[in-house]
Structure formats: structure tokens, C-alpha cells
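Visitor: no FASTA, just this:
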Ligand SMILES: Cc1cc2nc3c(=O)[nH]c(=O)nc-3n(C[C@H](O)[C@H](O)[C@H](O)COP(=O)(O)O)c2cc1C
Ligand code: SF4
């Protein structure tokens, strides 16, 4: 039964000529698949429709070939040839009564046009602003270009309608869309009627709305997505000016879609941003317009959602990541199943799929982007196979997900954990600075397992191969995790770093277990994801004087892909951590470390009392190897298979582990596919 406090979330709300069935609004989000994987992306949106979202959007859709953001893989609407793939998407979105939205993007100063080789067109001329400082400049739109651009928007609107969409979102947020480029003094330095005063800077968006309303406004709703604050001070489109703009143009769109500043701000990870972090920036805007307002803020709590609607801050609850982690979030609130919500942990692994042009993953929802490729459903498992039971050894992310998913399939599951709590690495890492929300990986699964009659959990059970052979389970899944290496083997060093034993070396495992160094500490990061930065922050907080040494040109450089690299650098500087980039460690001496420049090899020395080593991890696969060595005994013991998954197989991010656990559960007892490809894909048709 639904809690009546949440009834307000299920009100119908009008958007222009349309009515949304509830207030759950999936704001645009990319998925790393885009135009390359249209059926996979469509199926992913279809699952959200099934999960109860009232409005579902595409990711940004490049609406004309003169502005594209290769290498990123989004959607395209360059001509009629793109319509069938987009129609597949809109049809999937509308399967359960949701409104289908398309976000139209003209990237202007953000589009390097690597693929089309067109000269980029921007509001004012200047270098293209991308993540990679591409050596390309845009020329300024002249009056003919502006007329053309208005016509291209109309063409795109008509095509969107033809492709079956109900809503169009004009992208002017995150510094990425041309509408923001016109509105912001930072990107609009024009001296004609499109530049200067706010009224002049608002001219283009007003013209496009008028054109599009004439073309499709009788049947389609048109929203405008702007950032609440460009976060570059008074030069940019500040929160105060956004409010002036909305006051002057309150009735312009059918809905105001309010994002935060840059993408890094808007999709800030939980390490740096709480739920509803944008509340103060958005509060009061609804009073400036008669049109509904949608806002975002990694909303996973129905109490927060209902409060924001009740207090008149928002009309719609905008979600990107919470809808990825749990596409059934609205349905679970509707059915009063709050404990079943798989809450987003705010790790931003989903964003890395876009940043690496691969295909997105989600730490919490391993079925994300596998709905079509593998036929995986986030709430339903495939039927049970012929065997009856499975022993899962290790209750980290991989083992927990395997146990959960196997139990849903109907297997009897025994989960053996060497320690006294569930979660494995997550149980340890959730105690690190800023990572408490990551504990949701364990909490969600622990609760689900507690509800299953067919799962038994055994703590303090560090099993041996002999014991497992005695038990007589049909299948054994080894998920025993990994440990951090102390010897420095990673990328710079493929063999251990020469070390004087007089210098104490601490690994993240030592530190997470409460064994901390003191005094001057050199932290060497050759891992380059979050752990080095987090450990540096922890040690600085514990009173150590930390020097962060890395071979990379950036602190925690892979976190460029999770949009938090800048925030991590700033946090370390604020914590007083000294940062030494482009530098390796040649040897660990009794009185410090011998360093070498990553480019020239020129030597140096940093004196210290201890070294914190964030290098690579070693799989804990001893049990697996012992069992494999006794394969001849399996048949007598009734064992049909032994598999190793997750970090025990090959250490990786947590999302890799939950994926491995889920995959194991899906594939148990399934026919061997031999050399066949284990997923579907779309192959480009030859012209
Ligand atoms: C994987 C991912 C891709 C995104 N792509 C887009 C996009 O194409 N267009 C857009 O306007 N916002 C995009 N965003 C930003 C989201 O729409 C949203 O404003 C932001 O993530 C904050 O909402 P959340 O806290 O619910 O995730 C993206 C966010 C994510 C996580
Ligand atoms: S990958 Fe992480 S941030 Fe993205 S939706 Fe999943 S849990 Fe949330």
C-alpha cells in the first residue's frame, strides 16, 4: 500500500497541450550507446516506461550536422534517415502511458565537428570548449546563419513529431547548448540585436520558440533546459540573471527544465554533493512563471521528493541517475515498496560510458543497457535451470549480487562470508571520506536477501576446498575479492619497486583496517581512480603531512570520466596535500623515496616517514585454485561447476563486480553458447 504522503507525486500535471500521468520525469541522459546502439537505447527507455515514469527523455540529439560532438556518441537527427531509429525509441517510451521527449541540441562553441568536418558555428567566435581542448575555433553566426539555424530547428521539430515524440526539450544547460551560449555574456559578445542586454540575448530563444510553436506547438509541448547558474561569477549566466530571464519570459516554454551549472555541478557525485543539492538555486523560481518546473538532485528519497512538491519548489521530480539505478523507482513508491528501491550511490560510473564512448554501466543496476543486448530485465530473472543449489563464497558486491539474483531465479543459495558483515570491499570503503552512499550497494542487497526464504548466510566462514567438497553443493561461485599490493606493481613498475625495509609501507587495506601512518607521508598513486585521492584526504584529516605523487599529469586522472577530477584536486589542495604530478617512484629508501620525472627520468628525493602505496590489487583466488586442483574429486562431491567472479577473477571498479555477479546468476544452467557472441549488437547496414 502506498503511503498517502506520496500521493502528491502521482498527480497528473499539464505540460502545454499534454498531460503527464505523474510527476516522475526522466530528464535527458546519455548512455554511451546513442546512434550506434539504437535498439539497446530504445529498450532501456522502454524499461523506464514499464517502471512508471510519467515523462521519459532521450539524451541530447544533435539536430543538425553543422554541430556535432564526436567522439561522444549521442543521438542524431540530421535528416529523415535518422527517423526510424528515433521512432523505435519514442514507441518504447510510450508503451505504458509515459510522454516521450526528445532533447534537441545545437552545440555551437562545444561542437568540434570532427566527423562532419564542417566549420563550427557559434554565437561569438572562439576556441571550441570541450573536455579535450581541441585545436578548433568556431566562427560567429552571421544573420544568414541565424536564419538558417532557426529553420533547422523547425525542421528538427517536424522530424521529431514525425518520429513520434510528444515533447521537445531545447538544450541550453551545462554550457553545452546554443541557447545558453546566446544567454550568457561569457559566450555572447555580440554587438548586434542578439547581444548586449538580457533582452537582446533572449532574442534567439524567443524566435526559435515562436517558429517551433507555429510548426508543431498545437500538438507538442516544448520545454527549455537552462542551468540555474553558470558558476563563473557575474560574467556568466548567474542564478540572479536566470531568475531575471525567467521573470521576463515566464510563459515562453511549456515547462522550465532547470539543471545546475556545468555538467560536473549538475551530475555531482555523492562524494561532493548531497541529495537535493540544487534546492537553494531553484527555490522561488516557480513563483516567477505560470509554467511547471522540473529540477534535479539525485533524488532517491520519496520524502524529499514529496516535500519539494508540497513546498512549491518543483512540479516535477527530475531524475537521471536515480532512474538508471532503479528504472522502477516510481512503481516501487506507488506500490509502497520503498525498501525495494535500488538507490543510486552517486558514483558516476554511468557517465564513464559516455566519456569513453563504450556503453554505459551502472554499479547498482547491472542490467542497464543490457535490456536489449542480453534481454536482461532489472526486476525479473530468467526461469530456474535444472540444478537446485549454489554455494556463493564471499559477500562483497559480486557475491551479494550473485546470491540475490540466483535466489530470484529460484535456486537455494548458501552465502559464506569470512568476516562478520556483508559488503566486502564496500563495507570497508563506505567508511572512507565521502563514500558513505556507496554502502547502498550492500544495504540494498542485504535487505533483499533478508526477504528471500531460499538464502542462508553464514558469517565467519572462511572455507577451505576440503570443506566445500564435503558440503555437496552443485555449483560453487567464488567471489573472494582482492587485496591491495604493497610492492608497488602497477603501471610504472611491472616488478616490485626496490625497497629498504626500514621504511614502513601502508596499503589502502591497512589504512581501512585502522592502521594509519603518521608524520610525513608520501602517497604514491599508480592506480589513478578514486582510491589515491580518498586515502590522501583521510590521512591529511588524521594529521599526516601528505605529499601525493603520481606518474599522471592529473590527480586521480580516471575520475575525469566520472566528472569529479577537478573537485578531487580542489579538495586535496584544501586539505593541505602537496601534489607532485608527472613523477614516478624509482625506489623506496630508509629516509624517503627516490623519484623520477615521468618524461625525462630526472631523479629527485622526497623525505618521509612512511609511504602509502595505491598501486594495483591482487585477486584473492587461492580457494579457487585449490578447488581447481581437486577437479577430479568434484563428481564424487556432487559438484557440477566451480566459477570465479568479480575482483577475485580480475579486480575492477565495483560496477564490474555487480555485473559479474549478475551475469553468473543469469547464465547458470544455460546452454553453452560456444564461440557465439554473448550479446546482440547492431551492425551498420551497407549503403
Ligand atoms: C549518464 C548521464 C548522461 C547525461 N546526459 C545528458 C544529456 O544528454 N543532456 C542533458 O541535458 N543532461 C544530461 N545529463 C544530466 C542529467 O540530465 C541531470 O541533469 C543530472 O544528472 C542531475 O540529475 P540526477 O542527479 O538525477 O542525475 C546526463 C547525466 C548522466 C548521469
Ligand atoms: S552508475 Fe552510480 S551514479 Fe550512475 S546511476 Fe548507477 S549508482 Fe548512480
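Guide: Happy to help now that I have it. This structure is a prediction, so every number in the text was calculated from the model and none was measured. Ligands and ions are numbered 1, 2, ... in the order given.
Visitor: going forward, measure contacts between C-alpha atoms and count neighbours the same way
Guide: Will do.
Visitor: what residues does the stretch 251-400 of the chain put near ligand 1?
Guide: Within reach of ligand 1 by CA under 6 Å from any ligand atom, the stretch 251-400 of the chain has these residues: 259, 266-267, 296-298, 318-322, 350-351.
Visitor: possible to save the residues you listed as JSON lines with neighbour count, secondary structure and pLDDT?
Guide: JSON lines is the format used below for these (neighbours: other CA atoms under 10 Å; DSSP: H, G, I helix; E, B strand; the rest coil; pLDDT from 0 to 100):
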{"residue": "259", "neighbour count": "27", "secondary structure": "strand", "pLDDT": "97"}
{"residue": "266", "neighbour count": "22", "secondary structure": "helix", "pLDDT": "96"}
{"residue": "267", "neighbour count": "25", "secondary structure": "coil", "pLDDT": "97"}
{"residue": "296", "neighbour count": "27", "secondary structure": "coil", "pLDDT": "98"}
{"residue": "297", "neighbour count": "24", "secondary structure": "coil", "pLDDT": "97"}
{"residue": "298", "neighbour count": "28", "secondary structure": "coil", "pLDDT": "98"}
{"residue": "318", "neighbour count": "28", "secondary structure": "strand", "pLDDT": "98"}
{"residue": "319", "neighbour count": "23", "secondary structure": "strand", "pLDDT": "98"}
{"residue": "320", "neighbour count": "22", "secondary structure": "coil", "pLDDT": "98"}
{"residue": "321", "neighbour count": "28", "secondary structure": "helix", "pLDDT": "98"}
{"residue": "322", "neighbour count": "24", "secondary structure": "helix", "pLDDT": "98"}
{"residue": "350", "neighbour count": "27", "secondary structure": "helix", "pLDDT": "98"}
{"residue": "351", "neighbour count": "23", "secondary structure": "helix", "pLDDT": "98"}
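Visitor: Now for the residues you listed: which two are most distant?
Guide: With CA to CA as the measure, no two of these lie farther apart than 259 and 350, at 18.0 Å.
Visitor: Which residues of this protein lie near ligand 2?
Guide: Counting by CA under 6 Å from any ligand atom, the chain sits next to ligand 2 at 321-322, 324-325, 344-350, 362-364.
Visitor: For the stretch 451-600 of the chain, which segments count as helices?
Guide: All helices of the stretch 451-600 of the chain, identified by DSSP state H, counting those that start in this stretch, fall at 465-471, 508-512, 530-541, 565-574.
Visitor: any idea which of the ones you listed is most buried?
Guide: helix 530-541 (a mean of 22; mean count of other CA atoms under 10 Å).
Visitor: which helix is the longest one in the protein?
Guide: Determined from DSSP state H, the single longest helix within the chain is helix 143-162.
Visitor: could you say what helices and strands the next helix or strand after that helix packs with?
Guide: Proceeding N to C from helix 143-162, the next assigned helix or strand is strand 167-172, under DSSP states H and E. Strand 167-172 is packed against strand 99-105, helix 178-183, strand 221-227, with contacts defined by 3 or more CA pairs under 8 Å, 6 or more residues apart in numbering; DSSP states H and E.
Visitor: number of nearby residues for residue 678?
Guide: Neighbour count for residue 678, taken as other CA atoms under 10 Å: 10.
Visitor: Isn't residue 239 up against residue 283?
Guide: No: using CA atoms under 8 Å, residue 239 is not in contact with residue 283; the gap is 11.0 Å.
Visitor: Which of those two has more residues huddled nearby?
Guide: It is residue 239, of residue 239 and residue 283, that has more neighbours when counted by other CA under 10 Å, with 20 against 15.
Visitor: and that one, how far is that from residue 682?
Guide: According to CA to CA, to the nearest Å, residue 239 and residue 682 sit 43 Å apart.
Visitor: What's the local residue count around the residue in the stretch 101-250 of the chain that ligand 2 sits nearest to?
Guide: Residue nearest to ligand 2 within the stretch 101-250 of the chain (CA to the nearest ligand atom): residue 174, separated by 17.8 Å. By the measure other CA under 10 Å, the count of residues near residue 174 is 22.
Visitor: Quick check: closest non-adjacent residue to the residue in the stretch 501-650 of the chain that ligand 2 sits nearest to.
Guide: Minimum separation of the stretch 501-650 of the chain from ligand 2 (CA to the nearest ligand atom) falls at residue 562, amounting to 8.8 Å. Closest residue in space to residue 562, ignoring its immediate chain neighbours: residue 348 at 5.1 Å, by CA to CA, 6 or more residues apart in numbering.
Visitor: Can you pull the phi and psi angles for that neighbour?
Guide: phi 70, psi 20 (degrees, to the nearest 10).
Visitor: And the residue nearest in space to the middle of the chain, how close does it get to residue 445?
Guide: Residue closest to the average C-alpha location in the chain (CA atoms, centre = their mean): residue 350, at 2.6 Å. Distance check for residue 350 against residue 445: by CA to CA, it reads 20 Å.
Visitor: re the thing from before, what pLDDT, on average, does the longest helix of the chain get?
Guide: For helix 143-162, the mean pLDDT works out to 98.
Visitor: Thanks again, I'm all set now.
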